[in-house]
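In: Please work out how this folds:
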Amino acid sequence: MPSLTHGSQQRKPWYKEPGPWLVALGPACVVVGSLFCVYLAFSREDDLVTQNYYQAGQTINERMHEDAKAKALGLDGQLTIDVAKGQVSLKLDNPKNQQLPPVLQLDLAHPTQEKLDQHVVLGKTEGAVYIANIEPTRATRWHVMVENQDQWRMEGEWNARNGNVIHILPSAPTTAPADN
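Out: Got it, this is the predicted structure:
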């Protein structure tokens, strides 16, 4: 029977071997990645979800009345947005020659990033033309809404790829507004 001498190799402890560390590396990466995902989920606010969803739902009937009023007046318009210069102009078509207000509210809402939204007041210049300055931005898409102090409103979608001019119209309600 051979005996062990000083020349034979002795086994190293497990923590000095590379095999167990390579096996543990995979689960360790998964744990670190999961903790990073948890950090991202809780450190950023979700802009896609409105905080006042109940209140937003309550205003649907009011919005539908405003759309119906603009449609009854026959209003529509062309909005020109120059993001580089920071200017917008609105030319309203007013077939019934209604008296137009001196100012209109323009809301430019980005579909996913609330920090890119802009709310400006359009001032009337001559005839049915309104102008305003906006902040230069990198936004390439907005939901556009023009309204007259909760009396009527018109909407449109602006996409930079389609040019600077968009046609805005009263929204077509899917159902008749309920009178409350």
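
In: So what's the gap between the worst-scoring helix or strand of the chain on mean pLDDT and the chain middle?
Out: Ranked by mean pLDDT, DSSP states H and E, the weakest helix or strand in the chain is helix 53-58, scoring a mean of 73. Its chain's C-alpha centre and that of helix 53-58 lie 18 Å apart, by CA atoms, centre = their mean, to the nearest Å.

In: what comes up buried for the next helix or strand after that helix?
Out: With elements assigned by DSSP states H and E, the helix or strand that comes after helix 53-58 is helix 60-73. The neighbour-count check on helix 60-73 (16 or more other CB atoms under 10 Å) flags 63, 64, 65, 66, 67, 68, 69, 70, 71, 73 as buried. All C-beta atoms are positioned from the backbone trio N, CA, C, and that covers glycine.

In: could you measure the third one against residue 158, distance?
Out: Using CB to CB, to the nearest Å, residue 65 is found at 25 Å from residue 158.

In: ok, now the second one?
Out: Going from residue 64 to residue 158 by CB to CB gives 23 Å.

In: in the longest helix belonging to the chain, what's buried?
Out: When the chain is parsed with DSSP state H, its longest helix is helix 18-43. For helix 18-43, burial by neighbour count (16+ other CB under 10 Å) applies to no residue.
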